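>>> curious how this folds, go ahead:
(chains A and B)
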Amino acid sequence: MDTSPYEALAEAAADGVEFDGLVATREGGQLLVETPEETLTAPVETPRSALAEVGEYVENWFFWHQTAPQAEPRWAFLRWLERASGHAVPERYDALEDGLSRSWGQLHVTATLDDDQRRYDLRHEADADRAATDLQRYDEPRDARDIAKLDADGEYRPLKTAPTLRSGWVFPDLDAADLVAAVDFCYPATIENWHREREDDLDISHWHETMARQTGIYGVVETWDRQEGHDHVEWVAEACCDDSQCLKRREWGYDAETPLETDGGSGVFPCREPCSIVVSAARQWTKQEGEQARTYEFELTPTEKEQLEAVVDAVAEGWIDDIRPADVRNEANKLRIRFLRAKLFDDDGNLGGVSTGEE
Amino acid sequence: MPALVIAAHGSHLNPDSSTPTFEHADTIRETGAFDAVREAFWKEEPHFREVLRTLDSDEVFVVPLFVSEGYFTEEVIPRELRLEEWDPELWDSDGTSATHATCTASDTGQTVHYCGPVGTHRAMSDVIVRRAESVTDDPDVGAGFGLAVVGHGTERNENSAKAIEYHADRIRERDRFDEVRALFMDEDPEVDDVTDFFESDDIVVVPLFIADGYHTQEDIPEDMGLTEDYRTGWETPAEVDGKRIWYSGAVGTEPLLADVILERAADAGADVEDALEMVRKRTGGAALIEQ
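Model (predicted):
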């Protein structure tokens, strides 16, 4: 049988308890309990009835020491969820009755109390105001792996922190351990890295050292760093690490002495080193950036030049699918771009009929 | 209680690459033998770099879901897990005989029992045979049949071929199939000419790959002549040069592979006897030959 919170407190009080405003000690056969509001004594063997007035404090202590996962990062995450620091127990318990919510990437987590027990509701932030009954219900944390695998269009999401988590689902009734497990399946290791950062212990691996570590087909990326300056890394960060591409907040720079000027994003959890997708893309860029620039001569009308710029923008920002088929005023409209190709490309696909030439 | 990490390649492009990893992890999770079971990847998340910090246990068994000893198992995984004491010599392996080595992860201080890959474990021979049984729907398949164990093979790493030959040899010694051959995609003897290597009219072809993907679902079926175009599928068995080819999917998708993962952890000292029994019941692995 599980020990009740009251008996557990009576036992722990032998070594002294001090937590969230609750102080408990033992003297003879008596349990002495103090809170900011009350000072009570209770018999050690049967403490419950005498401690009814401070029940919330006792339940709160029990939850954080016996029920919640004890691993520091998860414990700290759960405390952060309900804004434990700076909010006294009675105030927090009142707030939990209504639910206390936080965002974590695109996740929306709400902590509540059900029969004095903390329960957690996890869903997409876009569904924050929807009734749980309108959403597809899940109870098994590992189902979050499947939710996170494909986006709303069925495209694969190799980067879990891409801002493309689909909505329409809910884990309405998780306990604390299952909540952190589900969050970890959606956004692996984010809780641990967030906690390390809060403890001033985030092990950042900057661009240069990360690329120097690579071997095999990725070993070539290190050679990209030979040139003066680090503009290339600024461009990588602008391309890959913007909030529109990844919800982690980039904390790595070129090296420990050289931060990047590109904005790292505003995510709640940090990015501690270039990810495998950045490394893969960097290999491609290392190869293409080894080419020498050369001069090509084309003739374009001002509008045609702007059309090429609009196409690059539309691809880079993911707008292509939003351009309506008959919106011929849009410079990147498919019909207008097909016209451009018909007019400017030769049969071999060369812009302006100008051959690319030998590499 | 220790934790288990199943370390797999993963993919930036193929959403199904990680499916067998997840399935085997779930099978082992349900045994409760470890404090936690976590999948980790080179191309997905959690990355090898960050998986250890997600685990509370001070002691972690890491089993690579890879076919052979080589670049990934000897260099990439230990480096990314930050096992600074690691040296391939610690495995003291002839190319297929690695069991485990114990190191400390420098970022977390955890004790890591770094195991040899599933692909070279002796029990993998049984998984290959199981695959042959399931593709022919015959629990006694053998007489009158040839068996081809197919590997990637690469001139760059001799261990890649050794793993395939190791299992082909072991299965041949059992005298269950009329003929057993090791064939490869990228070196001789090549799987393209599969029918040249067998006398038997029926040939079971089992690819020793972890996940189904480009190689097992596109390359190999087309190279063997099962189909002109992988997108149109193929018959099982398919008629090629007057012989019947029974082509199974990647061996790594076989549920019995969960058993091999546990065997790897057991060889490294994990207390998983009850879990092995549960998994064998579930995956039908009770008849394993060498216990």
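
>>> C-alpha only now, for contacts and for neighbours.
Will do.

>>> and the residue of the stretch 201-350 of chain A found nearest chain B, how far from B:Ser11?
The stretch 201-350 of chain A approaches chain B most closely through A:Ser276 (5.9 Å), counting by CA to the nearest CA. Per CA to CA, to the nearest Å, A:Ser276 is found 10 Å from B:Ser11.

>>> which parts of the stretch 51-200 of chain B are strands?
With strands called from DSSP state E, counting those that start in this stretch, the stretch 51-200 of chain B shows them at B:59-64, B:100-104, B:111-115, B:145-151, B:179-184.

>>> one step back: okay, and the common contacts of A:Ser276 and B:Ser11?
B:42-44 (CA atoms under 8 Å, 6 or more residues apart in numbering or on different chains).

>>> of all the residues you listed, which comes closest to A:Asp348?
For the shared contacts of A:Ser276 and B:Ser11, the residue nearest A:Asp348 by CA to CA is B:Lys43; the value is 36.0 Å.

>>> and that closest one, how many neighbours?
The number of residues packed around B:Lys43, counting by other CA atoms under 10 Å in any protein chain shown, is 21.

>>> same check on A:Glu199?
What A:Glu199 shows, counting by other CA under 10 Å, is a neighbour count of 10.

>>> and chain B, is the helix or strand hosting A:Pro73 touching that?
Per DSSP states H and E, A:Pro73 falls inside helix A:72-81. No: Helix A:72-81 does not reach chain B (CA under 8 Å from any CA of the partner chain); its nearest approach is 8.9 Å.

>>> centre of the chain to that helix, how far?
In terms of CA atoms, centre = their mean, to the nearest Å, the centre of helix A:72-81 is set 15 Å apart from its chain centre.

>>> so for the helix or strand following that helix, mean pLDDT?
Per DSSP H and E, the first helix or strand lying C-terminal to helix A:72-81 is helix A:89-98. The average of the pLDDT scores along helix A:89-98 is 96.

>>> which parts of the chain are helices?
Picked chain A for this. Secondary structure of chain A, counting by DSSP state H: helices at A:5-12, A:55-62, A:72-81, A:89-98, A:143-149, A:176-186, A:190-198, A:207-213, A:231-240, A:276-289, A:302-317, A:334-344.

>>> that's the wrong chain, I wanted chain B
Under DSSP H, chain B gives helices at B:19-29, B:48-51, B:77-80, B:124-136, B:158-173, B:214, B:220-224, B:257-267, B:273-283.

>>> now do the nearest residue to A:Lys160 once chain neighbours are set aside, the pLDDT please.
Spatial nearest neighbour of A:Lys160, chain neighbours left out: A:Tyr187 (5.8 Å); criterion: CA to CA, 6 or more residues apart in numbering or on different chains. pLDDT recorded at A:Tyr187 is 98.

>>> near chain B, which residues of the stretch 201-350 of chain A are found?
Checking the stretch 201-350 of chain A against chain B by CA under 8 Å from any CA, the hits are A:276-277.

>>> and the residue nearest to the spatial centre of chain A, how close does it get to A:His124?
Compute the mean C-alpha point of chain A, and by CA atoms, centre = their mean the closest residue is A:Gly105, 4.0 Å away. Distance of A:Gly105 to A:His124, computed by CA to CA: 9 Å.

>>> cool, and B:Leu226?
Separation of B:Leu226 from A:His124 (CA to CA) stands at 45 Å.

>>> cool, B:Ser106 as well?
36 Å.

>>> the more surrounded of those two?
A:His124 (20 against 13).

>>> could I get the contacting residues of the more buried one?
Applying CA under 8 Å, 6+ apart, the residues near A:His124 are A:106-108, A:165-170.

>>> what does chain B have sitting close to chain A?
B:11-15, B:42-46, B:50-51, B:53-54, B:56.

>>> could you flag which of those residues are buried?
B:11-12, B:15, B:42-46, B:50-51, B:53-54, B:56 (16 or more other CA atoms under 10 Å in any protein chain shown).

>>> JSON lines for those, including pLDDT?
Shown next, in JSON lines, are those (pLDDT from 0 to 100):
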{"residue": "B:Ser11", "pLDDT": "95"}
{"residue": "B:His12", "pLDDT": "96"}
{"residue": "B:Pro15", "pLDDT": "94"}
{"residue": "B:Trp42", "pLDDT": "97"}
{"residue": "B:Lys43", "pLDDT": "97"}
{"residue": "B:Glu44", "pLDDT": "97"}
{"residue": "B:Glu45", "pLDDT": "97"}
{"residue": "B:Pro46", "pLDDT": "97"}
{"residue": "B:Glu50", "pLDDT": "98"}
{"residue": "B:Val51", "pLDDT": "98"}
{"residue": "B:Arg53", "pLDDT": "98"}
{"residue": "B:Thr54", "pLDDT": "97"}
{"residue": "B:Asp56", "pLDDT": "94"}
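
>>> about what we covered before: let me have the helices of chain B in TSV, extended by distance to B:Arg181.
Below are the helices of chain B laid out as TSV (distance: least, CA to CA, whole Å):
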stretch	distance to B:Arg181
helix B:19-29	26
helix B:48-51	35
helix B:77-80	31
helix B:124-136	13
helix B:158-173	6
helix B:214	23
helix B:220-224	15
helix B:257-267	22
helix B:273-283	26
